[in-house]
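Undergrad: Give me a 3D structure for the following:
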Amino acid sequence: MNKQGNVMIKPLPELQLPPCDLQMVLRERETVRSFNVEQGLNLEQLSALLWAGQGERKTRGGTSNGKRMAPSANGLCPLSLQVYVRHVRGLIPGVYSYNGASHSLNFLDEGERSAQFAAAAIGEQPWLADAAAVIVVLADIQSMRQAFAEQAPRGWRGERYVYMETGAVSQNMHLQATALGLGMTLVGGFDDVAVCQLLPQSGLLEPTALLCIGPRA
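TA: Modelled structure (predicted):
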C-alpha cells in the first residue's frame, strides 16, 4: 500500500478478464445468500467487481473518456463506492473507498464490522456478516434533487435518477460476480444511520444499496 499525504492507497490489479457469454451470464445470475466464510476473495476478483460498478470507461484506443461503466443522468455521477473488507487476500480487514479514475482503493479505517453490518439490517440478514466483502453504494441525493429541481415532480425527479443509477451499478456488479463464479445478494433493507456510522467518511452521502459478495457455499 502506498502513502500519499495522509491517505493510504492500494492500487488494484489490472483487469485481465476472459471473454464471457452474456446470454449464459444472464441465465445464471441469481441471488446467493450462502457464502463460504473461510475462502474469501482475491484482489483480482474485487478489482473486477469495483470496475464493473464505477470504473472509468476507456475508448478503443485505451484512453479515458471520463465516463463510468453505468449510465448516469446528465453525466453527474452522484454515486460512490465504499467497501467493507472482511476477507480479501492482500487487504487488511476494514473500510476502503474506491477511486474509479485511478482504479485504486483508499484505506479509510481498519477493524471488524461484520456483526455491526448484520445488526444494521432490517430483519435477519446473516449474509451481511458472512460475505467476504460488502460494497456500499453511496449517493449525493441532495445534489441530484437540486440539479433536476425543475423537472416534475419537483424535488423528487433527481432522487428517482439516483435509484435508477444504483440499480444499473448493482446489476453490473452482479453480472460480473456471476461471470467470476461468485455469489452476490443485494440488500436494500437497512438502517441508513446505522450504516453511515460504520463508514468513516460518509459525509452528506446516503447509502442506497449494500452488495454482499463472496464465494458460494
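Undergrad: C-alpha from now on. contacts and neighbour counts both.
TA: Fine.
Undergrad: So in that sheet, which strands flank the helix or strand hosting Val95, and in what orientation?
TA: If you go by DSSP states H and E, Val95 is part of strand 94-99. Strand 94-99 sits in its sheet next to strand 79-85 (antiparallel), strand 104-110 (antiparallel), going by DSSP bridges.
Undergrad: Comparing these, which comes out most buried?
TA: Mean neighbour count (mean count of other CA atoms under 10 Å) peaks for strand 79-85 among the strands paired with strand 94-99, with a mean of 24.
Undergrad: average pLDDT across the lengthiest helix in the chain?
TA: Longest helix in the chain, counting residues (DSSP state H): helix 157-179. The average pLDDT within helix 157-179 is 97.
Undergrad: repeat for stretch 104-121
TA: 97.
Undergrad: Pull the residues that contact it.
TA: By CA atoms under 8 Å, 6 or more residues apart in numbering, the list of residues contacting stretch 104-121 from outside reads 7-12, 84, 86, 92-99, 124-130, 189-191, 194-195, 198, 200-201.
Undergrad: mind redoing it with 7 Å?
TA: Residues from elsewhere that reach stretch 104-121, judged by CA atoms under 7 Å, 6 or more residues apart in numbering: 7-12, 86, 93-99, 125-126, 128-129, 189-191, 194-195, 200.
Undergrad: what is Phe190 paired to in the beta sheet?
TA: On the basis of DSSP bridges, Phe190 is bridged to Ala121.
Undergrad: Would you mind measuring from it to Gln125?
TA: Using CA to CA, to the nearest Å, we find Phe190 at a distance of 10 Å from Gln125.
Undergrad: More neighbours: which of those two?
TA: Phe190 (20 against 17; other CA atoms under 10 Å).
Undergrad: residues contacting that one?
TA: 120-122 are the contacts of Phe190 under CA under 7 Å, 6+ apart.
Undergrad: what pairs with the longest strand belonging to the chain, and is each one parallel or antiparallel?
TA: Ranked by number of residues, the top strand in the chain under DSSP state E is strand 206-215. Within its sheet, and counting by DSSP bridges, strand 206-215 is paired with strand 133-139 (antiparallel), strand 182-187 (antiparallel).
Undergrad: Among the contacts of Phe190, find me the one that's closest to Asn172.
TA: Using CA to CA, Ala121 comes nearest to Asn172 of the contacts of Phe190, at 23.1 Å.
Undergrad: Number of residues surrounding the closest one?
TA: By other CA under 10 Å, the residues close to Ala121 number 20.
Undergrad: Now do it against Ala194, distance only.
TA: Using CA to CA, which is the criterion applied here, Ala121 is 9 Å from Ala194.
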